[in-house]
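Undergrad: My questions are about this predicted structure, shown below with the sequence.
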Amino acid sequence: FTQRVAGLGHHDGIDTVVPSGVPTVVVSGEQSPDAELMGHSTVPAGVGVQALQWFAAIMMASAALSVFVALTSALQERRYDLALLRTLGARPLGLASLTLAEGVTLLVAGVILGSALGHGATHALGLWLASSGTWPLSGLVSVPGEAMLAAAVLGIGAATCLVPAVQAYLSDPASLLAKR
């Protein structure tokens, strides 16, 4: 709503928005932040970061839920096949391990692909920002805590994979084959 023109000060936008009571975040687009300009913000510092953290948590929870739903659906589609394997001598623990391995494989592939796409997008954004002379950004650097995030995702994902694996373990082949 406002912009600073070299040496001319603020335009009328900020003087209109701030007194209206609308929550306002004022940032400067320069390489060195303008404290005077940012001082007009009416929202406490860190609200944007906190909102992004909540958004990331919700996205991780929805990803875990989607892995769970996908594995449960795959198990439902393959119940007859698993029952046939059981009648042919496959052990319940073997079928549970197979189901768990399928989920963990998808999970590891998702973490690797997500990390690669995230770093690639960050690097592309960094190249674009470097051409405009703004903030330096690189996707070629690992951020502290990134490994911890990957471990948390793998742990939560493995926990969601356990439910379909236990269902495969507890399934009764006779009742499944009788329904068909």
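TA: Structure's in. What do you need?
Undergrad: Against which helices or strands is the lengthiest helix in the chain packed?
TA: When the chain is parsed with DSSP state H, its longest helix is helix 92-131. For helix 92-131, the elements it packs on are helix 47-77, helix 79-87, helix 146-170, judged by 3 or more Cβ pairs under 8 Å, 6 or more residues apart in numbering; DSSP states H and E. Heads up, the C-betas are built off the backbone N, CA and C, glycines and all.
Undergrad: which sections of this protein are below the confidence cut-off?
TA: 1-12, 28-33, 45, 133-134, 180 (pLDDT under 70).
Undergrad: coming back round to it: make TSV out of the helices and strands packed on helix 92-131 and add mean neighbour count and distance to residue 121.
TA: Below are these laid out as TSV (neighbours: other Cβ atoms under 10 Å; distance: least, Cβ to Cβ, whole Å):
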stretch	mean neighbour count	distance to residue 121
helix 47-77	13	15
helix 79-87	16	39
helix 146-170	16	15
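Undergrad: and these as TSV, adding distance to residue 130?
TA: Shown next, in TSV, are the helices and strands packed on helix 92-131 (distance: least, Cβ to Cβ, whole Å):
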stretch	distance to residue 130
helix 47-77	23
helix 79-87	53
helix 146-170	22
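Undergrad: These: which one's closest to residue 179?
TA: For residue 179, the closest of those is helix 79-87, at 8.5 Å, according to Cβ to Cβ.
Undergrad: between the closest one and helix 92-131, how many degrees?
TA: Taking axes from the mean of the first three to the mean of the last three Cα atoms, to 10 degrees, one finds that helix 79-87 is oriented at 130 degrees with respect to helix 92-131.
Undergrad: Need the contact partners of helix 79-87.
TA: Helix 79-87 is contacted from outside by 75, 90, 92, 95, 168, 171, 173, 176, 177, 180, using Cβ atoms under 8 Å, 6 or more residues apart in numbering.
Undergrad: which residues touch the third one?
TA: I take that to be residue 92. Counted by Cβ under 8 Å, 6+ apart, residue 92 has contacts 86, 168, 169, 170, 171.
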